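1. Next come a sequence and a model predicted from it.
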Amino acid sequence: MPEWYYADAANARQGPVDAAALVRLRLQGQLGWETLVWREGMADWRPMRDFAAELAQADDRGPLLSTADGSVVDAGHTSDPPPASADPASPYAPPTAAVSSDAAVVLGGEIVHAGFWKRFAAMVIDGFITAAASWVVQIPLLMLAAGAGMMGGDMLASGGAMGIIVLSYGVGILIPLFYFAWMHSSGSQASLGKLAVGIKVTRGSGERISFWRAFARYAAYFATVVFSFGIGGLVSAFTTGLGERRQALHDMICDTLVVDRWAFTDRPDLQRRELGVVTWVVIVIGGGLLGLGLLGIVAAIAIPALTR
């Protein structure tokens, strides 16, 4: 008999209980069909409504009747039978209303915070993605501005070409802003780069962040790096590498954490402290490109000096 776990009203894990006990809690009104449940063999928490047929077979107390006020009585001890209905409602029939399928936040387990290198690898991957998306829009705009500048005339005099250039830079800011806001507030709680290295973004309490908090988080990142001329980025590199909770400055501002994808779940044992294959590949490739860039700079300085 499989053992079940369920999330209570505070989204804390309860259990284990057997299927019959889970049915009893449902019929007594302590649990609803929208309650998230989990048992061994399931990849994630799911609403109880998905297991209505399975749980119906596990009721070992005989048929139950649900009264109008929500209490439950044993059908074998009622003096008056329930009124007949052309379409009798089954106590196991799930409701038609949509329910949230967010996994319950499980507190109390070990939390593995994402350090500098995992976050760096995710940033590199996301940087390529957002840059490619930005270039798709920016390149045509810059070509249009260049064409306007070459032709001169009224458009250049009225500042139209400059307006296009400003719009192009705005696109380069807005695309990553909305990309991270959407991805970090989604069910995965992670951008594509973070998904690749196995980390996610949460509130300090472990909950999923809202769209606007994710929006503010990237805005805070942009502000702390750009307006400090990069000093904020260096400070964040130290805090993510050495801090107890591995928070960057924008995490501290917005009350967010970057943690292993299995943190705040019922399977904290699946968390990994090692960097992983994807992170190592990004570090090696990034290190190689950085080395080539430095070599090119040295060559650009040394070759003219040697040919004099």
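-> Structure received. This one's a predicted model, so the numbers in the text were calculated from it and none came from an experiment.

2. any idea how far Ala20 is from Ile301?
-> Computed as C-beta to C-beta, to the nearest Å, the Ile301 to Ala20 distance reads 78 Å. All C-beta atoms are positioned from the backbone trio N, CA, C, and that covers glycine.

3. Tell me which of those two has more neighbours.
-> For Ile301 versus Ala20, the count of surrounding residues by other C-beta atoms under 10 Å is larger for Ala20: 15 against 10.

4. and the more buried one, backbone torsions?
-> Per-residue torsions, Ala20: phi -60, psi -40 (degrees, to the nearest 10).

5. go on, Gly204?
-> In this entry, Gly204 is assigned phi and psi values of phi -60, psi -20 (degrees, to the nearest 10).

6. Now for the nearest residue to it once chain neighbours are set aside, how many residues are close by?
-> With sequence-adjacent residues excluded and distances taken as C-beta to C-beta, 6 or more residues apart in numbering, Gly204 is closest to Asp255, at 4.7 Å. When neighbours are counted by other C-beta under 10 Å, Asp255 registers 14.

7. do the same with Ala132
-> 10.

8. The one 4 residues further on now?
-> The burial count assigned to Val136 is 11, neighbours taken as other C-beta under 10 Å.

9. In contact with it, which residues?
-> For Val136, the contact set (C-beta atoms under 8 Å, 6 or more residues apart in numbering) is empty.

10. before we move on, what about Arg39?
-> Counting by C-beta under 8 Å, 6+ apart, Arg39 has contacts Pro2, Glu3, Trp4, Tyr5.

11. From the residues you listed, list the buried ones, please.
-> Buried by 16 or more other C-beta atoms under 10 Å: Trp4, Tyr5, out of the contacts of Arg39.

12. element containing the closest residue to Thr224 other than its chain neighbours, please.
-> Leaving aside its chain neighbours, Thr224 sits nearest to Gly232 (3.3 Å; criterion: C-beta to C-beta, 6+ apart). Taking DSSP states H and E as the definition, Gly232 sits inside helix 231-242.

13. Now that helix: buried residues?
-> Neighbour count says helix 231-242 has Gly232, Ser236, Thr239, Thr240 buried, by 16+ other C-beta under 10 Å.

14. okay if I get those residues as TSV plus pLDDT?
-> Shown next, in TSV, are the buried residues of helix 231-242 (pLDDT from 0 to 100):
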residue	pLDDT
Gly232	92
Ser236	93
Thr239	93
Thr240	92
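
15. where's Val259, which helix or strand?
-> strand 256-260.

16. Make sure Tyr5 is actually in contact with Gly15.
-> Yes - with contacts counted by C-beta atoms under 8 Å, Tyr5 reaches Gly15, the gap being 3.6 Å.

17. Of all residues in the protein, which one is nearest the centre?
-> Closest to where the C-alpha atoms of the chain average out (C-alpha atoms, centre = their mean) is Gln189, at 0.3 Å.

18. And what about it, helix, strand or coil?
-> State at Gln189, reduced to three classes by DSSP: H, G, I helix; E, B strand; the rest coil: coil.

19. That one contacts Ile209, correct?
-> Yes - at 7.4 Å, Gln189 counts as touching Ile209 under the criterion of C-beta under 8 Å.

20. Find residues that contact each of these two.
-> Val201, Thr202.

21. Where does the prediction get shaky in the stretch 201-308 of the chain?
-> Applying pLDDT under 70 to the stretch 201-308 of the chain picks out residues 308.
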